[in-house]
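**Student:** 3D, please:
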Amino acid sequence: MTEHLIDEAADEAVTLTSDLIRIDTTNTGDPDTVVGEREAAEYVAEKLTEVGYEITYVESGAKNRHNVITRLPGAAPSRGALLVHGHLDVVPADPSEWSVHPFSGAIQDGYVWGRGAVDMKDMVGMTLALARHYKRHNIVPPRDIIFAFLADEEAGGLYGAQWLVDNRPELFEGATEAISEVGGFSITLRDNVRAYLIETAEKGIRWMTLRVRGTAGHGSMLHHDNAVTKLAEAVAKLGNHRFPLVLTDSVREFLAGVTEITGWDFPEDDIEGAVAKLGNISRMIGATLRDTANPTMFNAGYKANVIPSVAEATVDCRILPGRVEAFNREIDELLGPEIEKEWLELPPVETTFDGALVEAMSAAVVAEDPGARTLPYMLSGGTDAKAFQRLGIRNFGFAPLKLPADLDFSALFHGVDERVPVEALKFGTRVLDRFFRTC
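**Tutor:** From the prediction side, this is the model:
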């Protein structure tokens, strides 16, 4: 009977994920063009109140930037609560590039399609389905679970998790550990042996604006103080720079686990060549071996024959734990004093791969996929964990999915034709159910 009930919850997770994808919550990062999360938050709030939850519904610092938080009491309220958080916003998508409309939520060919399918309306759908399942059937978890459905993660959480931590920290009172994206997904290493990667660390984010000032003038004349030229040279220098190789504890432990499973060696004198053997996931793992600084936008000028006095560029910097001061020194040496710099910065996150929570995650995965292994890894991107660590919460990425061996999962994040396997959603719902009942 219990298995039948969890299958119903797993089916509902698929429906909820599809419904949420159909709600456009595009976050451009520009307040003038952000759609906002209000409609999705109202959908989540309705689904929770329908089964008896009392919710807190918060507009976080700007119009239509809405969040929903609720708490499911556990059997031992004196234990630290588990925070389960997911974001409702998504990055933009151009429908002309997609096989299906990015906001269709189409369920076809064994997948749920659309923007947010893996980042991260799949996890929202799974946790929302389980929250409803527990309330319907009076299931009491061993500890309090705080479910948080949040705004603005894709632009740093300034109107979501960061705002809530600054202004409404009481909503997360008692939380000692948290799970969210990007972890718990499988990679197939050999002979159908799967490892599930649990995120224990993530690089810091620095979205940096570079600015150069020069002398304005007519484009037909000789100029030796051209802001565009100077900035282009600086951006090229930074974009082509290779930061030093640094093996953090999380990366070493991941590579050691892969060696144990496969027998592959990862010699430090050719670590990047060895990591390439990991296939599609090597893009993500490779990015955790060094700091990175990737130019993403350039803004200068307003007319073809006018040399502007100011030129700006945006650089997406990702910094390893423990490397912030060294990164700053390298940037200053590379760019020199003439380049003005300002930035939004969110710190790295790192914890250890041990303790009762890790054991519960691993046991839940193995119960659904016997013979599987769990390994820690570092995420090259960032999540709302950066906000919640300020409350002293220990953070993990655990949104479990059993993936086909040939699916290029890492390419789906912010990519074209984002999609999640239907069976992976059902698998993840069952794993999370086991985890929530034993954590």
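**Student:** elements contacting the lengthiest helix in the chain?
**Tutor:** Criterion DSSP state H: the longest helix present in the chain is helix 2-22. For helix 2-22, the packing partners by 3 or more CB pairs under 8 Å, 6 or more residues apart in numbering; DSSP states H and E come out as helix 38-50, strand 111-113, helix 121-136, helix 422-438. Quick note: C-beta positions are derived from backbone N, CA and C, even for glycine.
**Student:** Now do it against helix 422-438, angle only.
**Tutor:** When axes from the mean of the first three to the mean of the last three CA atoms, to 10 degrees is applied, the directions of helix 2-22 and helix 422-438 differ by 120 degrees.
**Student:** Identify all contacting residues around helix 2-22.
**Tutor:** The set of residues external to helix 2-22 that reach it, using CB atoms under 8 Å, 6 or more residues apart in numbering, is 40, 43, 47, 88, 103-107, 112-117, 121-122, 124-126, 128-130, 132-133, 137, 420, 422, 425-426, 428-430, 433.
**Student:** before we move on, back to that, would you turn the helices and strands packed on helix 2-22 into CSV with mean pLDDT and mean neighbour count?
**Tutor:** Shown next, in CSV, are the helices and strands packed on helix 2-22 (pLDDT from 0 to 100; neighbours: other CB atoms under 10 Å):
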stretch, mean pLDDT, mean neighbour count
helix 38-50, 98, 19
strand 111-113, 98, 24
helix 121-136, 98, 25
helix 422-438, 98, 22
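**Student:** Export the ones you listed as JSON lines, with columns for distance to E173.
**Tutor:** Formatted as JSON lines, the helices and strands packed on helix 2-22 follow (distance: least, CB to CB, whole Å):
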{"stretch": "helix 38-50", "distance to E173": "19"}
{"stretch": "strand 111-113", "distance to E173": "35"}
{"stretch": "helix 121-136", "distance to E173": "19"}
{"stretch": "helix 422-438", "distance to E173": "20"}
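**Student:** So which of these is nearest S78?
**Tutor:** Nearest of the helices and strands packed on helix 2-22 to S78, taken as CB to CB: helix 422-438 at 17.8 Å.
**Student:** From R252, how far off is the residue in the chain sticking out farthest from the centre?
**Tutor:** No residue in the chain sits farther from the centre than M221, which is 48.4 Å out by CA atoms, centre = their mean. Counting by CB to CB, to the nearest Å, the gap from M221 to R252 is 57 Å.
**Student:** in the longest helix of the chain, what's buried?
**Tutor:** 6, 9-10, 12-14, 16-22 (16 or more other CB atoms under 10 Å).
**Student:** angle of that helix against helix 121-136?
**Tutor:** Using the same axes, to 10 degrees: helix 2-22 against helix 121-136 is 130 degrees.
**Student:** gap between helix 2-22 and the chain center?
**Tutor:** Distance, stretch centre to chain centre, for helix 2-22: 22 Å (CA atoms, centre = their mean, to the nearest Å).
**Student:** now swap in stretch 245-258 and tell me
**Tutor:** With CA atoms, centre = their mean, you get 20 Å for stretch 245-258.
**Student:** what's the answer for stretch 142-153, then?
**Tutor:** 15 Å.
**Student:** First-to-last residue distance for that stretch?
**Tutor:** Terminal residues of stretch 142-153 lie 29 Å apart, using CA to CA, to the nearest Å.
**Student:** Now do the buried residues in it.
**Tutor:** 143-153.
**Student:** And the protein, what are its domain boundaries?
**Tutor:** Per automatic domain parsing, the structural domains of the chain span 2-179+381-438, 207-245+293-345.
**Student:** Please give me every residue in contact with W343.
**Tutor:** 206-209, 317 are the contacts of W343 under CB under 8 Å, 6+ apart.
**Student:** May I have the beta-bridge partners of it?
**Tutor:** Listed by DSSP bridges, the beta-bridge partners for W343 are M208.
**Student:** sorry, back to before: state the pLDDT value of the residue farthest from the centre of the chain.
**Tutor:** pLDDT, M221: 91.
**Student:** Need phi/psi at it.
**Tutor:** The phi/psi pair for M221 (degrees, to the nearest 10) reads phi -100, psi 170.
**Student:** P77 now?
**Tutor:** According to degrees, to the nearest 10, P77 has phi -60, psi -20.
**Student:** since we're on it, how many residues are nearby?
**Tutor:** Counted by other CB atoms under 10 Å, the residues lying close to P77 total 10.
**Student:** separation between it and L357?
**Tutor:** Using CB to CB, one gets 18 Å for the distance from P77 to L357.
**Student:** before we move on, the earlier item: just the buried residues out of the contacts of W343, in ChimeraX syntax.
**Tutor:** Here is the ChimeraX command that picks out the buried ones among the contacts of W343, judged by 16+ other CB under 10 Å:
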select :206,207,208,317
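**Student:** Same list, the contacts of W343, but as TSV with distance to W264 and pLDDT please.
**Tutor:** Below are those laid out as TSV (distance: CB to CB, whole Å; pLDDT from 0 to 100):
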residue	distance to W264	pLDDT
R206	33	95
W207	35	94
M208	36	95
T209	41	97
C317	30	96
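**Student:** what's next to the helix or strand hosting D166, contact-wise?
**Tutor:** Taking DSSP states H and E as the criterion, D166 maps to helix 161-167. Here helix 161-167 makes contact (CB under 8 Å, 6+ apart) with 58, 60-61, 67, 69, 85, 87, 148, 150, 152-153, 156-157, 171-172, 384, 386-388, 390-391.
**Student:** got it, and stretch 183-191?
**Tutor:** Contact partners of stretch 183-191, identified using CB under 8 Å, 6+ apart, comprise 194-199, 258, 261-262, 278-279, 281, 361, 365, 369, 372, 377, 379, 396-403, 405, 409, 428, 431.
**Student:** again with stretch 255-263
**Tutor:** 189-190, 193, 195, 247, 264-266, 275, 278, 373, 375-376.
**Student:** among those residues, which are in strands?
**Tutor:** 189-190, 193, 195, 373, 375-376 (DSSP state E).
**Student:** Can you say which two of those are spatially most distant?
**Tutor:** Farthest pair in the ones in strands among the contacts of stretch 255-263, by CB to CB: R190 and P376, 19.6 Å.
**Student:** Tell me which stretches of this protein form helices.
**Tutor:** 2-22, 38-50, 121-136, 161-167, 227-239, 249-262, 271-275, 282-286, 324-335, 356-368, 385-388, 422-438.
**Student:** buried stuff in the fifth one?
**Tutor:** Judged by neighbour count using 16+ other CB under 10 Å, the buried positions of helix 227-239 are 227-232, 234-235, 238.
**Student:** Let's see that helix as CSV, backbone CA atoms only.
**Tutor:** Provided in CSV are the C-alpha atoms of helix 227-239 (Å, rounded to 0.1, in the frame of the first residue of the first chain):
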residue,chain,number,x,y,z
ALA,A,227,38.6,53.6,-24.3
VAL,A,228,37.2,50.7,-26.5
THR,A,229,40.7,49.7,-27.6
LYS,A,230,42.1,49.7,-24.1
LEU,A,231,39.2,47.8,-22.7
ALA,A,232,39.3,45.2,-25.5
GLU,A,233,43.0,44.6,-24.9
ALA,A,234,42.3,44.1,-21.1
VAL,A,235,39.4,41.8,-21.7
ALA,A,236,41.3,39.7,-24.1
LYS,A,237,44.2,39.4,-21.7
LEU,A,238,41.9,38.3,-18.9
GLY,A,239,39.8,36.0,-21.0
